[in-house]
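Peer 1: Give the three-dimensional model of this entry:
(2 chains)
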Amino acid sequence: MVLSSMKSRFVYVVGCLLGLVASGFAQQARKEVVFWGLSMGPDSKGQDAVLRAFEERNPDLKIKLLSMGAGRMDPQKLMTSIVGNVAPDVISQDRFTISDWASRGAFLQLDDYISRDAAKDPLCPTPDQYYPATWAEAQYEGKTFAIPTGADNRVLYWNRKIFKESEADLVRNGCDPTRPPRTWSELLKYSEAITKFDKNGRIVRAGFMPNFGNSWLYMFAFMNNAEFLSKDGRTCTMNTPEAREALDFMVKGYKIVGGYEMSEKFKSGFQGKENDPFILGQVAMKIDGEWILNDLARYAPSLDFQCAPPPVPDDRYNKVGRFKNEKDRFITWVGGSSLAIPKGARNPADAWRFIKFMTSFEGRMIEYRAQAAWEKQRDRTFMPRQMAHKAGNEEASRVFAPKFGNYGQALAMHTEISNFSRIRPATFVGQLIWQEHVRAMEAACFGKETSESALASAQANVQRDLDAFYNKSRYPEIDLRFPGVVGVLGLLGFIAFFVWQFKREKIGRLERQEAKWAYLFISPWVIGFMLLTIGPMMASLFFTFTQWDVLNEARWVGLKNYEDMFGSDRKMVFKALGNAAYLAGVGVPLGLTTGLLIALLLNAAARGIRVYRTIFYLPAIVPGIASAVLWSWVLNPEPVKGLINAYWNVTLTPWLGVQPPGWIQSAEWCKPALILMGLWGAGSGMVLWLAGLKGVPTSLYEAASLDGANAKQTFWSITFPQLTPLVFFNTVMGFIGSLQEFDRVYVMRPSLDGPVGPDDAMMTPVYLLFNNGFGLFKMGYASALAWLVFVIVVLITFIQFKLKNRWVHEEVK
Amino acid sequence: MPVGTWFAVGTLASWLAIIFGLKMVGQLFFVGTGQLDSDPGRTRADLRLNSLLTGVFAAIGIYLTAPFSKTGYKLPLVWFVMPWTAWLGFACTGLMLARSAQTITAISPEERLGKLKAAMGLFGAVVVFVGLFKYDQESKIEILKGGIPLTLAMALGTLGLAIAAVGAMVVTAHSANACGLGKTIITQLALLAGSVVFGIPFVFLLVTSFKEDQDMSSKNGIVWIPKVTETVPYLSPDKAKKHYEVMYEGKVVEGLEIGQEAGKVKIDIFKPISIRGTTFLAERSELKEVPVAAKVYTTKVGNVPVKGFESDSLADGSRILQILEPPSMKGKATTVKPDQTEPVRHVGLRTENYSEALSYLPPETLNGLVYVKNTLILVVMNVIGTILGSSIVAYAFSRMKFPGKEKMFSVLLATMMLPSAITLLPQFLIFRTLGWIDTLYPLWVPAFFGSAFNIFLLRQFFSQIPMELEDAAKIDGCTYLKTFWSIMIPQIKPALAVIAIWTFMGAWNNFMGPLIYINSPENMPLSYSLALFKGDRSGEPGLLMAFSTLTVIPVIALFAFAQRYFIEGVTLSGLGGR
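Peer 2: Presented below is the predicted three-dimensional model:
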């Protein structure tokens, strides 16, 4: 039997493959502790050493390290793994996001472990070992969810050489050139004296750019005693006089250096570590973290700089007015990472063992010693990073403090100021406050909005999420099993009805036989349709009326998701739709035209057509991710690196005076960048056109040439009308495709969290849906977005089919 | 008159020169290819006039703007950068003025009325666009000035190119099939230019994957010829810097000596990178010192240029060079600041990018082989699933009769346009309930249920097979399954091949699926691992491009073997023409 042998062969092949999948690789005897969030790099020696030391001490365990994206964990990946019950055992996570995760019940609470081990295990972390601010940041509602590791605070770096050079200007402005500024007004005066412009009004040397380095609005707000959240955590207080004063100070600071836009341009002129304008002596003062010491030591070991406490409001410094009873004269802010155990970790007890070791004094010292030895072996200076562990931090500064230059003083300043650090509020809206505060800061510094209106709208956006959380109980809880059962029953009922109908059908025995076979044959599709298409669609429709994050109970919210979509979240939804419309409206016609042009050329040439066709077609088959990776380098905005800008810089810039665009790093150019990249893949369209052109009957051309038509007339009256069905098909598909643009955006977006492309200029509807669905697990809201996309696709298809009759040429058959 | 005016007038003149120049070239092309007008005399007169105008306007333009350019003559250019509202406003104003002029010259009253209406409508548009422009506070119109420098080289090059092109056309005009050949040359030139544009990113990918880090950015533009730094093997006398090769758990590893314990040497492994940081005790007799690759530099000692390799460096970055050349100084050492040294490099490929890229992959992926295995599983299972699932359903829909067929088929057609976004979340929940998260099942099992588009396509193909074949099989007593498998399937092999290729591409490129479902390296396919790799190694383009190249090569290899199906698949699908 041919059939049975084929069948058995197939079963064999499938069986083998399944076996391969199932067996995986040889089982390891040691238990694995899966650790996400750190990556192995060429210089991550200290980190490797502490992992190996742990394994040596715990021979039953093996650490499996996985970065899951760049330095910062991809939040979507972590959430999906937690919901999918395949969470890692340990993750390294930015501390200010801990409350966010904890509030959703995504992390395990560590207090039980701590109280169990505190007395008997010297490795066990306890609050008293840590700088209070760092410990507090990893808490949510009084419970501990993570153990802090790093503690990066900010101090003022000032270039003594520039101060000396500008001595005359400084003295004229009433400043003492031998010491750094201590108050805000001094800082502005110093900056004014040092900043120099050329005769075209362009910046040559900047005194101080408020957000160059790492200060943000947060730091200045902290100094001015502004809090972004009320004590009970229910009210957002971003728009207070204190915060406005801090923001106004930043705006003033930017005015001195010619405005935000100019200083951003000035800054972006120096790309790369060794080209940092502070290292090159183009910026006299900046507020930054200790991580820059490494670059300073490596690229400018002889730079004459010093560290000082970051300048504070005058009243705080003088302890008058509001600050009369203030204890601390100087204030800085601290951030950093921490280790946590996600909910659903397969191995929480061993994960805890690992966290204990990694965060302990002993573990930290192993790490630092190994890193120091590694750097020494490479003849580089080791700069110990600040850590949250108090004793560890003091020991590290003592043992590893570099002996040359001012590095020792700089590290000592960082260590000293650790005791005066503030943290961002530990709240579940921490990330949102961060994003909104960045948006407000940029809007005010750009001069687009006053500091009051910028902060007010930021405050409103945060308050919306706060209210949604605290008003949750207003909506009734629902048991999702009920609609599930109803759905399954409905499906069974439908099948029963169908069978009953079939039984009643008056057809002959043979026909009945045939129909039975036919039903068997189409059953794969029918089952797939029920389980993977119509069932999920109905479920999705149901979800749109709920609020559900999979981990917690679902609530019936009625039309709230739709209200949000067209109400409070309208700006983002319309932005995503607008971006899709841009990509479709500009990209699709351009892509079609390019494809057609190539096809016309290829259709004309006889010789070498196969070679050309291959060259034009190849980009279309390059895997999307690989081409996104390639193009993120082709489109690199730096003229010394990016393919396009390198040539732009030697042709268009000198000829037309146009600076090369920032492509994916600028809000205006990132969509054209995506379109340009799409044009590279126009080959697939070209093939379609070629097939279409070959299909145009030659008799028509003969007739036209007999009538004396020229090339233009022939194209518009014969070729093009014959191709209109193709144009139509491609337009519809292109529009639908750009609504669902995802892969390229995901790979090419400049940062993992926060805005998708500058000013969300790369946000697409499906990306928004993905973000809400798999990043935040707002099942209800994401489903509503999915239905929006669905309705738009149906509308576009419908409209296009209506329009089709007006311009698509179809031969009367 | 203000200075800027002369510049603007000059630009206008140069634009006119360019327009007439292009016209002239076009006429030359027609003359060259023998496509003359009915009246050759008129063409020649036209040609003469155009060349004269070109020359005159070019001269005016360059003369007027010469005082503004300090670096020799330039072809002046002035252009406007404005928001789209302003562009539309200008366009509408122009059109409105034209229509108004036509109102005056109109012959009949009806025509006049029509033109007037059009002018009024356009006026409305102008108001709207200008209003929008005013409303947008950030919008501003910028006038930018610049010029293409007219260096001798550029002028000569352009002139030479023009003469060569015209010459080629004139020569071809005299040959028998002049018209065709001239056209072919132009087309071939255009195709070549296009191929360069489309091919260059590929070349960039390949070249970058073989470059050293220092060639990634260069002040002189893109480095197209990779170079490698020369090194010499060197055994350091400094004990802390000696590299040893030793056996560890049955593998050869490289490590450093970091101390002694109980008569044994403590070794700190640094290669392979997956177990870096492991320390263990080894007998001294087991150790085998391996030379370090020391970079070779040139510098000057006094005024003598010397070449030497770096044996050590100091904390301030100074390099200690062991001199190799000139022979008179060989064996001596010198200490120099890094900025006084120049690495010795020769043209070559840095193939280490590839091995290093693979060494950074998680150890459990066996240098990326596991990624390949997973991708292959996905591809094979998806292709088998799609072909089986879709063809059998298509067969039933095209050749069998059963109640409800029409209704079901229209439902199937309707699902073709369904965006996958709508089933994304519930499908995740279904697979979660099945415990399939972090397995490959969600990525290939659905393929076995057939896809609407492929079913639709295959149905068309089944319908074209003559009924007689099937009837004969029926008479022979074949079951439906056997008829389908042994008679119908062989008839549509080309279509199946095309679908197989599409499915292959889809499975190979699938990104969102693995992004949602796969977490551990053991289950990752290539596409997703590349995205992760980009996140980790974005600072090392050499490694990134090497890994990208590795993921692209299999697809290109498939394309080389099955080009016909890729390209002609479109025709087969019936989408291209009728």
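Peer 1: quick one, phi/psi of whatever residue of the stretch 301-450 of chain B ends up closest to chain A?
Peer 2: The nearest approach of the stretch 301-450 of chain B to chain A comes at residue B:449, 2.5 Å away (C-beta to the nearest C-beta). (Glycine included, C-beta is placed from N, CA and C.) In terms of degrees, to the nearest 10, the main-chain angles of residue B:449 are phi -90, psi 10.
Peer 1: how close does the closest residue to it other than its chain neighbours get to residue B:381?
Peer 2: Spatial nearest neighbour of residue B:449, excluding adjacent residues (C-beta to C-beta, 6 or more residues apart in numbering or on different chains): residue A:528 at 2.5 Å. Separation of residue A:528 from residue B:381 (C-beta to C-beta, to the nearest Å): 15 Å.
Peer 1: Ok, residue A:404 next?
Peer 2: With C-beta to C-beta as the criterion, residue A:404 and residue B:381 are 61 Å apart.
Peer 1: domains in the chain, as residue ranges please.
Peer 2: Chain wasn't specified; assuming chain A. When chain A is parsed with automatic domain parsing, its domains come out as A:28-151+A:338-373, A:153-232+A:240-333, A:477-543, A:565-614+A:686-806.
Peer 1: sorry, should have said chain B
Peer 2: Domain segmentation of chain B under automatic domain parsing yields B:3-164, B:227-347, B:363-572.
Peer 1: For residue A:232, which three-state class applies?
Peer 2: Counting by DSSP: H, G, I helix; E, B strand; the rest coil, the backbone at residue A:232 sits in coil.
Peer 1: Any idea how many residues pack against it?
Peer 2: 7 (other C-beta atoms under 10 Å in any protein chain shown).
Peer 1: Quick check: phi and psi at it.
Peer 2: Dihedral angles for residue A:232 - degrees, to the nearest 10 - are phi -80, psi 0.
Peer 1: Next up, the contacts around it.
Peer 2: By C-beta atoms under 8 Å, 6 or more residues apart in numbering or on different chains, no residues touch residue A:232.
Peer 1: Show the pLDDT at it.
Peer 2: Reading off the confidence values, residue A:232 has pLDDT 86.
Peer 1: Please report the distance of it from chain B.
Peer 2: Here the distance between residue A:232 and chain B works out to 34 Å (C-beta to the nearest C-beta, to the nearest Å).
Peer 1: returning to that earlier point: residue B:395 is nearest to which of the domains of chain A?
Peer 2: Residue B:395 lies closest to domain A:477-543 among the domains of chain A, at 6.3 Å (C-beta to C-beta).
Peer 1: So which bits of the strand or helix carrying residue A:784 are buried?
Peer 2: In this structure, residue A:784 sits in helix A:779-807 according to DSSP states H and E. Going by neighbour count (16 or more other C-beta atoms under 10 Å in any protein chain shown), the buried part of helix A:779-807 is A:779-790, A:792-793, A:796-797, A:800, A:804.
Peer 1: Give me the subset of those residues that also touch chain B.
Peer 2: A:779, A:782-783, A:786-787, A:789-790, A:793, A:797 (C-beta under 8 Å from any C-beta of the partner chain).
Peer 1: quick check, distance from stretch B:357-369 to the centre of its chain.
Peer 2: 26 Å (C-alpha atoms, centre = their mean, to the nearest Å).
Peer 1: does chain A sit close to that stretch?
Peer 2: Yes: judged by C-beta under 8 Å from any C-beta, stretch B:357-369 and chain A are in contact via B:360, B:362, B:364.
Peer 1: Make CSV out of those residues and add neighbour count and pLDDT.
Peer 2: Converted to CSV, these look like this (neighbours: other C-beta atoms under 10 Å in any protein chain shown; pLDDT from 0 to 100):
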residue, neighbour count, pLDDT
B:360, 21, 85
B:362, 20, 82
B:364, 17, 82
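Peer 1: can you list those residues in JSON lines and add secondary structure?
Peer 2: Converted to JSON lines, these look like this (three-state DSSP):
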{"residue": "B:360", "secondary structure": "coil"}
{"residue": "B:362", "secondary structure": "coil"}
{"residue": "B:364", "secondary structure": "helix"}
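Peer 1: What residues does the stretch 301-450 of chain A have near chain B?
Peer 2: Going by C-beta under 8 Å from any C-beta, the residues of the stretch 301-450 of chain A near chain B are A:301-302, A:370, A:373, A:376-377, A:379, A:381, A:404.
Peer 1: Next, format those as TSV and append secondary structure.
Peer 2: Output for those, formatted as TSV (three-state DSSP):
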residue	secondary structure
A:301	coil
A:302	coil
A:370	helix
A:373	helix
A:376	helix
A:377	helix
A:379	coil
A:381	coil
A:404	coil
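Peer 1: Just the closest residue of the stretch 51-200 of chain A to chain B, please.
Peer 2: For the stretch 51-200 of chain A, C-beta to the nearest C-beta, closest residue to chain B: residue A:84, 3.1 Å.
Peer 1: tell me the contacts of the nearest residue to that residue once chain neighbours are set aside?
Peer 2: Leaving aside its sequence neighbours, residue A:84 sits nearest to residue B:437 (C-beta to C-beta, 6+ apart; 3.1 Å). Residue B:437 sits next to A:80-81, A:84-86, B:431, B:517, B:519 when contact means C-beta under 8 Å, 6+ apart.
Peer 1: how about 7 Å then?
Peer 2: A:84-86, B:431, B:517 (C-beta atoms under 7 Å, 6 or more residues apart in numbering or on different chains).
Peer 1: just residue B:324 next, same as before
Peer 2: Contacts of residue B:324 (C-beta under 7 Å, 6+ apart): B:307-309, B:330.
Peer 1: what comes up buried for the one helix or strand it maps to?
Peer 2: Secondary structure from DSSP H and E places residue B:324 in strand B:319-325. For strand B:319-325, the neighbour count (16+ other C-beta under 10 Å) marks B:319-324 as buried.
Peer 1: one step back: of all pairs in the contacts of residue B:324, which one is the farthest apart?
Peer 2: It's B:309 and B:330 that sit farthest apart of these, by C-beta to C-beta, at 11.5 Å.
Peer 1: Alright, calling it a day.
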